[in-house]
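Trainee: need a structure here:
(one chain, ligands or ions: 1)
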Amino acid sequence: MKLVILGGSGSGKSTQAEMLCTNLNVPIISTGEVLRKAISNSSNLGIRAQPYLEAGELVPDEMMIEFIKNHLKEPEFQGGWLLEGYPRTAFQAEELDFLLEELGQQLNWVIYLQVTQDAMIARCLDRSLPDDQPEIIQRRIELFYERTIPILEYYDRRCRLLKIDGDRSSEEVQQSIKNLI
Ligand SMILES: Nc1ncnc2c1ncn2[C@@H]1O[C@H](COP(=O)(O)OP(=O)(O)O)[C@@H](O)[C@H]1O
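Mentor: This is a model prediction of the structure:
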């Protein structure tokens, strides 16, 4: 199974991604988590990505596209995978299509966790990750509507989109996803 899970800040996509990759026994790439770890390790990727995360801005497409290309070509991802937080822009979505064609793989589903803006903000303030200050959360949510919502229509036109109500318990959300994939 090859899945993408998307949603705004605090939509619960990391929680659902972890549950799914355990249930489906597939490896996961959570781009937000990878970037935060890269920053705390002061790796080359982390040093380059840090200013963007601290401002709530998206890391440049070219960096993310190269990162995903390098990972999805690794042997452990040949049998299936789950991408959480990628793609986030139209350019990333198009490049993912080209990459999957090159790898002879097909994306099964894009799972979109739909939650209200108020719920997103409340959950982010609750979890207080390093980049969870109110003004940064606001910017990340703005960017979600501006850059990521359009790619949901891209996948809907390809009949690959599953819209899930994320404003419920994580167990109910996970069951809804499992019923559809
Ligand atoms: N696909 C991506 N393209 C560009 N930047 C990304 C991507 N994924 C993660 N990031 C960066 O990492 C930050 C944290 O990502 P994530 O944990 O998914 O945030 P959120 O929970 O706000 O959706 C984002 O605000 C952004 O700066």
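
Trainee: which residues touch stretch 26-43?
Mentor: Stretch 26-43 is contacted by residues 1, 3, 14, 17-18, 20-21, 45-47, 49-50, 53, 59, 64, 67-68, 71-72, 76-77, 79-86, 88, 129-131 when judged by CB atoms under 8 Å, 6 or more residues apart in numbering. Heads up, the C-betas are built off the backbone N, CA and C, glycines and all.

Trainee: Work out for me the element whichever residue of the chain sits closest to the ligand sits within.
Mentor: Across the chain, no residue is closer to the ligand than residue 32, which sits at 2.1 Å (CB to the nearest ligand atom). Secondary structure from DSSP states H and E places residue 32 in helix 31-40.

Trainee: Name the residues of that helix that come out as buried.
Mentor: 31, 32, 33, 34, 35, 36, 38, 39 (16 or more other CB atoms under 10 Å).

Trainee: okay, and the helix or strand of the protein with the least pLDDT?
Mentor: helix 117-127 (a mean of 87; mean pLDDT, DSSP states H and E).

Trainee: Show me what from the chain comes close to the ligand.
Mentor: Within the chain, the positions lying close to the ligand (CB under 6 Å from any ligand atom) are 9, 31-32, 35, 52-53, 56-59, 64, 85-86, 88, 92, 140.

Trainee: Pick the one among those residues closest to residue 168.
Mentor: residue 9 (18.0 Å; CB to CB).
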